[in-house]
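A.B. asks: 3D model of this:
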Amino acid sequence: MSRSDDSFVEYGIEDEPPLGTSLLLGVQHYLTMVGANIAVPLILAGALGMPAEIIPRFVGTFFVVSGVATLAQTTFGNRYPIVQGAPFSMLAPALAVVGVVTAADPAGPAWQTALLQLQGAIIAAAAVEIAVGYFGLLGKLRSFLSPVVIAPTIALIGLALFNTPQVTSAGGNVSLLALTLLLIVLFSQYVDTAHRAFQLFPVLLGIVVAYLVAAVLSVTGVYAPGTPGYVDLGSVLAAPALMPIFPLQWGFAGGPYAVTVGLPLVGKVAFGVPQFTSSFVIGMLAGVCASMIESLGDYHAVARLSGVGAPSERRINHGIGMEGIMNVFSGLMGGSGSTSYSENIGAIGLTGVASRYVVQVGAAVMLVVGFVGYFGQLVATIPDPIVGGLYIAMFGQIVAVGLSNLKYVDLDSSRNIFVVGVALFVGLAVPTYMGNVGSAAAFQEGMRGVAYLGPVLGTQVVSYTVFVIGSTGMAVGGLFAFLLDNTIEGTREERGLEEWEESAEADEDFASAYDRFVRGGETKGD
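C.D. replies: Next up, the predicted model:
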């Protein structure tokens, strides 16, 4: 996998910086996604009504899953330097499952019963993703994906978070957000040539400096508890030192669906058995579909930022297949799924660090510290305004990367301008509409009232699937762009396919795990 000579990348995919440097660079990659990877378990824990003493362990589970999934993807999957984490696209069906189960007043702890149902839904839906990946179903769409489709899809990955509370909250700490953004811009764009540290660690330095400022203002009483920007250092010391995290860990002796087993040196352990309900599985499958579409855009984005050709069909298939396997692993651990994370792709654009080795070192660190309660709580104390400033820098970069793919297409073509414009608009408008609807259940109720088609559209299977996909901007925009670009008349040259395919990676340039570890061979690209 060779990068182009004009690439701005400081460390390419195959490069291995010194271990000390890689540790800092790897932590920096993970800090870019920490807000999302903590937000998902905290949102779920609130919906589940999970006891407060369980939450640190629940958050730690997400970091352990992220570390294992990232190592698996970078070693055995598509081998791109993409961090894996909990997907927002699967959060909507997860909350729907939790709502239905807890409302039914189950026997035993409601949060445990709901979580075991969620685990089963994720595992079953992930089995479909494994089949889609390793049977090559998604990769076969590659010949129909022109830059006209990829550009708005990637751009919508970045635009999806423009209105998050961390960025737009009227009651937020604008000064701290602006400070974080200013520091990242300063280090990455203005003084990056003054010292190598500014060039390699602009995100890490920006977050650390802003956090220290917030911590000092909190200790001195300028920021009061409960206000945006407040850092609760006392909660870090109160967190558990080490936490047991293992598969099927959410069972309680005597609880529903629990199996108690006596283990040497440990004693009796209650394992929670995942439960499988067809309607929950189908709803979760919609989230998995949205996740796959998002990942397809991520693969193209990271390839472009890493200075290499667009991903081959084989690389796409192995990436999606591995994401499916890691979703099964996440389900067994009691997480909420796993997918490629766009945040660290933006970090590649700012730092020029696209090293697979760096991401693997960062994943190993996250895997270890996931068992340490102090770390999870320390990360959880990063104020939302700091995360908001980080989001603006990271996701603005991804929007620009998506639009840069249009350099391959004829921008004097009215059909191209139409497709890109409509895809971007509906990719913003439809999720906003779904957000105003409020929930999958409310959307289902509305669909029941549709003339003639209500009995079909109002079923849980159809309505939940439409709601989840419709809530995911890159899925909506990508599907619209795909449909329009492949049905509106246009030449291959006009659509950018000729130049795109010349720069794309060939299938023989990608070596799968089987090629490397069983056959003992490497391709010219790997």
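A.B. asks: Can you find the helix or strand of the protein with the lowest average pLDDT?
C.D. replies: Within the chain, confidence by mean pLDDT, DSSP states H and E is lowest for strand 258-263 among all helices and strands, at a mean of 74.
A.B. asks: Show me what counts as buried in it.
C.D. replies: Ala258 (16 or more other C-beta atoms under 10 Å). In short, each C-beta sits where N, CA and C put it, glycine included.
A.B. asks: Now do it: everything it contacts.
C.D. replies: With contacts defined as C-beta atoms under 8 Å, 6 or more residues apart in numbering, strand 258-263 is touched by Gly251, Phe252, Ala253, Lys268, Val269, Ala270, Phe271, Gly272, Val273.
A.B. asks: so what's the second one up against?
C.D. replies: By C-beta under 8 Å, 6+ apart, the contact list for Phe252 reads Gly108, Pro109, Gln112, Ala258, Ala270, Gly272.
A.B. asks: So the last one is in contact with Gly334, correct?
C.D. replies: Yes. Counting by C-beta atoms under 8 Å, a contact exists between Gly272 and Gly334, whose distance comes to 7.4 Å.
A.B. asks: shared neighbours, the two?
C.D. replies: With C-beta under 8 Å, 6+ apart, Gly272 and Gly334 have common neighbours Leu115, Gln119, Leu248, Gln249, Trp250.
A.B. asks: phi, psi of the third one?
C.D. replies: If I follow you right, that is Leu248. phi 60, psi 40 (degrees, to the nearest 10).
A.B. asks: can you give me the strands in the stretch 301-450 of the chain?
C.D. replies: 339-340 (DSSP state E, counting those that start in this stretch).
A.B. asks: for the stretch 101-250 of the chain, same thing?
C.D. replies: Counting by DSSP E, counting those that start in this stretch, the stretch 101-250 of the chain contains no strands.
A.B. asks: Tell me if I'm right that Ile293 and Leu479 touch.
C.D. replies: Yes. At 7.4 Å, Ile293 counts as touching Leu479 under the criterion of C-beta under 8 Å.
A.B. asks: hmm, back to that, among the shared contacts of Gly272 and Gly334, name the buried ones.
C.D. replies: Among the shared contacts of Gly272 and Gly334, those classed as buried by 16+ other C-beta under 10 Å are Leu115, Gln119, Leu248, Gln249, Trp250.
A.B. asks: Mind putting those into TSV with pLDDT?
C.D. replies: Shown next, in TSV, are those (pLDDT from 0 to 100):
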residue	pLDDT
Leu115	92
Gln119	95
Leu248	92
Gln249	91
Trp250	89
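A.B. asks: In helices, which of these appear?
C.D. replies: The helices, defined by DSSP state H, take in Leu115, Gln119 from those.
A.B. asks: and of the buried ones among the shared contacts of Gly272 and Gly334, the nearest to Ser330?
C.D. replies: Within these, proximity to Ser330 (C-beta to C-beta) peaks at Gln119, which comes in at 8.7 Å.
A.B. asks: State the distance from the closest one to Val101.
C.D. replies: Computed as C-beta to C-beta, to the nearest Å, the Gln119 to Val101 distance reads 12 Å.
A.B. asks: okay, Val231: pLDDT?
C.D. replies: Val231 carries a pLDDT score of 92 in this model.
A.B. asks: for it, what are its contacts?
C.D. replies: Tyr211, Ala214, Ala215, Ser218, Tyr223, Thr381, Pro383.
A.B. asks: In contact with the nearest residue to Gly427 once chain neighbours are set aside, which residues?
C.D. replies: In this structure, Gly427 finds its nearest non-sequential neighbour in Gly477, 2.6 Å apart by C-beta to C-beta, 6 or more residues apart in numbering. Shown in contact with Gly477 (C-beta under 8 Å, 6+ apart): Pro152, Thr153, Ala155, Leu156, Ala423, Leu424, Val426, Gly427, Leu428.
A.B. asks: my hunch is that Gly477 is in a strand, does that hold up?
C.D. replies: No. Judged by DSSP: H, G, I helix; E, B strand; the rest coil, Gly477 forms no part of a strand; its state is helix.
A.B. asks: Tell me how far it lies from Val422.
C.D. replies: Taking C-beta to C-beta, one finds Gly477 at 9 Å from Val422.
A.B. asks: for Ala224, same thing?
C.D. replies: For Ala224, the distance to Val422 - C-beta to C-beta - is 47 Å.
A.B. asks: Of those two, give the one with the bigger neighbour count.
C.D. replies: Just comparing Ala224 and Val422: by other C-beta atoms under 10 Å the higher neighbour count belongs to Val422, 15 against 9.
A.B. asks: So the more buried one versus Leu428, what's the distance?
C.D. replies: Taking C-beta to C-beta, one finds Val422 at 11 Å from Leu428.
A.B. asks: Check Gly139 too.
C.D. replies: For Gly139, the distance to Leu428 - C-beta to C-beta - is 28 Å.
A.B. asks: Those two: which has the busier surroundings?
C.D. replies: Gly139 (24 against 18).
A.B. asks: about what we covered before: with pLDDT and secondary structure added, can I get the contacts of strand 258-263 in TSV?
C.D. replies: TSV is the format used below for the contacts of strand 258-263 (pLDDT from 0 to 100; DSSP: H, G, I helix; E, B strand; the rest coil):
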residue	pLDDT	secondary structure
Gly251	81	coil
Phe252	73	coil
Ala253	63	coil
Lys268	76	strand
Val269	78	strand
Ala270	81	strand
Phe271	88	strand
Gly272	87	strand
Val273	90	coil
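A.B. asks: Would you mind listing which of those residues are buried?
C.D. replies: For the contacts of strand 258-263, buried by 16+ other C-beta under 10 Å: Gly251, Val269, Ala270, Gly272.
A.B. asks: Can you convert those residues into CSV and add a column each for distance to Thr32?
C.D. replies: Shown next, in CSV, are those (distance: C-beta to C-beta, whole Å):
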residue, distance to Thr32
Gly251, 34
Val269, 36
Ala270, 37
Gly272, 32
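A.B. asks: In this structure Tyr30 contacts Gly362, no?
C.D. replies: Yes. At 4.9 Å, Tyr30 counts as touching Gly362 under the criterion of C-beta under 8 Å.
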